[in-house]
Each structure stands twice: as structure tokens, then as C-alpha cells.
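Engineer: I'd like to go over a predicted model; first the sequence, then the structure.
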Amino acid sequence: MSTEDTPVQLTIPALPRLLRIARVTAASMAAELPFTLQDIEDLRVAVDEVAAVVIDGCDGGSSLELTMSVDGDRVTIRGLVRGAGELPELHPVARDLLDLLADSYTFDVADGDRSFTLTKRVQGVEG
Amino acid sequence: MTHSTDPVLTITVAVAAGGHVVVRPAGEVDAATAPELLAALLGACSPQLTVLEVDMAGVAFLDSAGISALLAGRARAAEHGARFTVSNVQPVVRRVLDVTGLSETFLD
């Protein structure tokens, strides 16, 4: 059974000092695909940036719920923090990094729950 | 002088002759640890400062929070009329500086 069949789900306290767990897990997921080392490093930075946004201002009582999956040529990572409220403004440097290092990223707020979706594709694969 | 003993990031500060201060973070600089780097950079600034160097040889990860700390340190050094430079960056850090267009700002 691969991660293409079964997404990895990870819930961690919504604390900045635990973002490294998200980074390590994302890098492990990327290893399922023929990413270059630079692509994997790019994904580490990208997931750090999006996760930092959705946990901003949260305390240890909130959780970051991550779902990571491999689908074809891409890794998709979704994050959710329940009840965190409005999203903070994305820092311009973070926006620059995400624009260049991720293939796509979105943020959303629904019923006070913050979420993101991030995708990173293997370079050079069409479709 | 050691500023931080966080297991994810340690920071040492060395004061050389002529007002040249070298800050050496080692570990990962992210939203959790960037405030420690910022504190070290701001603490290194004094009227005697001529060069504030951040030796990044030991930094294996840098995100936008870390870049913001570097920019703030650079601004404070400039207030003291000092030069700010980043040295010995690893490829992963160089990549982040390159994509944000800050390599020329920080690197000699």
C-alpha cells in the first residue's frame, strides 16, 4: 500500500516550534516521487510558510491537522486549524517564496476554520 | 558568548577588533526561532559597531520569518552606520535568498 492509496494524516499542536515536524513529514512524502533534492527543499520551505500562516496567533490549545497525499506526479498537503478565525495577512516575503517554490497554494476560512492546500509537482512532467 | 540554547537553534556572538561583530546561528531559523536571531542581531548593535556579519554556515533552514529578522538586523545596523553582511550560506539558504531577490542585498 502506498501513500497514493492512503493519505498520511498528522495532527500536531498549532505551535511554531513544531512546524519542523510538518517539514520533515512533507519531505518524507516527497521522497515517494522522483523529486530532486532542491524540489524537496522547496517543498519544506513551502509547507513551513503555509502552515505558519494558519497557526499564526494560535496557542497550544489549537491543533494543526495535516493531510498529505501523493497523487500521480504531485504531493498535495492540506492543513486545517479549527476555530482560528480570520487569516493573517501573508507577509510579502512569504508570498514571494510560495509563488516561486510551490506549484499552487490556496488559503481559506470557513466557519472560523483556517485551511490551506499546497501542491508540488515533479518538474518536467506534463499533464 | 552564547545567546540561545534552543535545541533547534543556537546562537553565538563574537566581538572582534574594530567593531566587527559576528553572529553565528546554528540550526533552523523559522517562525519559532527567528525572534531569537532578531534579538541577537539587535543586541549586537551598538555605537561601536562597524560591521555586523551573520555567519550562516550552521543554518540548515531559513524561511520568511528568518529573512525578516535579517532585514530588521540590517536596518538596525544601518542606523548605527555599520555594514551588514551574511556569509557562508549553505545551498538551501542561498536558494531562499535567491528566489526572494535578496542575495545581492545580503551577500558580498
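Structural biologist: Structure received.

Engineer: can you show me the helices along the chain?
Structural biologist: With no chain named, the answer covers chain A. Under the criterion DSSP state H, chain A carries helices at the ranges A:19-30, A:37-55, A:92-101.

Engineer: chain B was what I was after
Structural biologist: Listed in chain order (using DSSP H), the helices of chain B are B:34-44, B:64-79, B:91-99, B:103-106.

Engineer: what's near enough to touch the residue positioned nearest the centre of chain A?
Structural biologist: Averaging the C-alpha coordinates of chain A gives a centre point, and the residue nearest to it by CA atoms, centre = their mean is residue A:47 (3.6 Å). Shown in contact with residue A:47 (CB atoms under 8 Å, 6 or more residues apart in numbering or on different chains): A:22, A:23, A:26, A:77, A:118. (Glycine included, C-beta is placed from N, CA and C.)

Engineer: which bits of chain B sit near chain A?
Structural biologist: For chain B, the contact set with chain A under CB under 8 Å from any CB of the partner chain comprises B:8, B:28, B:30-33, B:61, B:63-65, B:67-68, B:92, B:95-96, B:99-101.

Engineer: ChimeraX command for the buried members of those?
Structural biologist: This is the ChimeraX syntax for the buried subset of those, where burial follows 16 or more other CB atoms under 10 Å in any protein chain shown:
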select /B:8,28,30,31,32,33,61,63,64,65,67,68,92,95,96,99,100
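
Engineer: hmm, residue B:72 and residue B:38 touching each other?
Structural biologist: Yes - with contact defined as CB atoms under 8 Å, residue B:38 reaches residue B:72; the gap is 5.7 Å.

Engineer: look through chain B and tell me its longest strand.
Structural biologist: In terms of residue count, the longest strand belonging to chain B (DSSP state E) is strand B:20-29.

Engineer: what's in contact with it?
Structural biologist: The set of residues external to strand B:20-29 that reach it, using CB under 8 Å, 6+ apart, is A:20, B:6-16, B:33, B:37, B:40-41, B:44, B:49-63, B:65-66, B:69, B:73.

Engineer: do that again at 6 Å, thanks
Structural biologist: Residues from elsewhere that reach strand B:20-29 (CB atoms under 6 Å, 6 or more residues apart in numbering or on different chains): B:8-15, B:37, B:40, B:44, B:51-55, B:58-62, B:66.

Engineer: show me the two of the contacts of residue A:47 that sit farthest apart.
Structural biologist: A:23 and A:118 (12.2 Å; CB to CB).

Engineer: comparing those two, which shows the higher neighbour count?
Structural biologist: For residue A:23 versus residue A:118, neighbours defined as other CB atoms under 10 Å in any protein chain shown are more numerous around residue A:118 (25 against 22).
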